[in-house]
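Undergrad: Provided below are the primary sequence and the corresponding predicted coordinates.
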Amino acid sequence: VAFVVCRSLEGLKTFSYLEELILDNNLLGNDLLLPRLPHLHTLTLNKNQISFQRNTCKILLDHLADVVPSLQYLSLLGNMACPNELVCKEKDEDDYQRYRYFVLHKLTNLKFLDTRKVTRREREEALVRGAFMKVVKPKDS
């Protein structure tokens, strides 16, 4: 297990057998670039600056799918990308579920996302509709 507080993840490439990585409470954003970590199964990025701005979260999730192929547990709580009604009053459980479908569509090996186990029904729904779940509810006029 590695606990890292930093802005640069350059040194991680020397830990190719790393299995768990906790990067909570940093200033990491959608431009996060991890080296290839083929054995990493747990990654927490809680309370960073990851958002669904433009296409950048899709790019981040595609990057994670490529460099951490063994990823089974991911947590993004406390980021703008993770719509949580406890953190943001404008978000509700439907927003959170759409987010889960989108992430599960991109990271198909996940067994846990945030604090919840991935269900078979969620996995099936993510396959069918996950690509379209990045859509955010329109604001009231």
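TA: Nice, thanks for sending it over. As the structure is a prediction and not an experimental result, all values here were calculated from the model.

Undergrad: what's the single longest helix in this structure?
TA: helix 93-106 (DSSP state H).

Undergrad: Show me what that helix is packed against.
TA: Judged by 3 or more CB pairs under 8 Å, 6 or more residues apart in numbering; DSSP states H and E, helix 93-106 is in contact with helix 56-67, strand 112-113, helix 120-129. C-beta: built from backbone N, CA, C; applies to glycine.

Undergrad: Give me the angle between it and helix 120-129.
TA: Computed by axes from the mean of the first three to the mean of the last three CA atoms, to 10 degrees, the angle separating helix 93-106 from helix 120-129 equals 70 degrees.

Undergrad: With just CA atoms, put helix 93-106 into CSV.
TA: C-alpha atoms of helix 93-106 as CSV (Å, rounded to 0.1, in the frame of the first residue of the first chain):
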residue,chain,number,x,y,z
GLU,A,93,-29.6,9.3,-6.5
ASP,A,94,-30.5,9.3,-10.2
ASP,A,95,-27.4,11.4,-11.0
TYR,A,96,-25.3,9.1,-9.0
GLN,A,97,-26.6,6.0,-10.7
ARG,A,98,-26.0,7.5,-14.2
TYR,A,99,-22.4,8.3,-13.1
ARG,A,100,-22.0,4.6,-12.0
TYR,A,101,-23.3,3.3,-15.3
PHE,A,102,-20.9,5.6,-17.2
VAL,A,103,-17.9,4.6,-15.1
LEU,A,104,-18.8,0.9,-15.3
HIS,A,105,-19.2,1.1,-19.0
LYS,A,106,-15.5,2.4,-19.2
